[in-house]
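**Q** Okay, structure incoming, though there's no sequence with it:
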């Protein structure tokens with residue numbers, strides 16, 4: 001659930017009046033860990049740290065590496081590291097660290113998400129210049145396209161036939 005800035009400020013103000021994170025959480029219907037996180041973010045980086053993010057922040061692979069390096073070199077927890085670098089989710093750092101351990105720097109590069117545009121395997125090269133693999137891909141593509149067009153044609157004929165059949169029964 002996303003909380004607006006005014007609500008977060010009320011929670012932090014109540015906490016700063018001397019209430020514990022547990023009592024503050026209970027008053028506002030929050031987990032005490034959430035209260036502690038907001039208070040720490042506010043104390044460390046001010047009001048900008050608790051503002052809701054309007055869009056998903058994209059981090060460079062160099063930045064991700066720097067975050068992991070500082071965390072390991074200084075023995076910081078994920079929460080402390082997130083606080084230092086103003087990263088909203090400590091779990092994100094865990095994800096980066098795991099990706100780095102498994103794949104090195106390439107694990108830290110952003111992967112394209114979403115659907116990829118469908119491209120035809122048919123190239124502009126003359127058939128004599130195509131490899132056997134390219135010819136096989138093109139052949140499979142053309143067979144699938146042919147089967148699709150045959151089915152489409154059959155469906156259209158069936159609809160036409162049904163329409164003429166209904167039209168003749170109305171007389």
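**A** Received, thanks. Quick caveat, the model's predicted, so the values are computed rather than measured.

**Q** Point out where the chain drops to low pLDDT.
**A** Residues of the chain meeting the criterion pLDDT under 70: 1, 53-55, 111-119, 168-171.

**Q** gap between the top helix by length along it and the chain center?
**A** Counting residues, the longest helix in the chain under DSSP state H turns out to be helix 132-169. The chain centre lies 37 Å from the centre of helix 132-169; the measure is Cα atoms, centre = their mean, to the nearest Å.

**Q** neighbours around residue 13, how many?
**A** For residue 13, the neighbour count with other Cβ atoms under 10 Å is 12. The C-beta positions use only the backbone N, C-alpha and C, and glycine is treated the same way.

**Q** got it, and residue 42?
**A** 20.

**Q** can you check residue 130 too?
**A** Neighbour count for residue 130, taken as other Cβ under 10 Å: 15.

**Q** And for residue 63?
**A** 14.

**Q** name the element it belongs to?
**A** Secondary structure from DSSP states H and E places residue 63 in helix 61-74.

**Q** and that helix, what other elements does it pack with?
**A** Judged by 3 or more Cβ pairs under 8 Å, 6 or more residues apart in numbering; DSSP states H and E, the packing partners of helix 61-74 are helix 78-85, helix 90-103.
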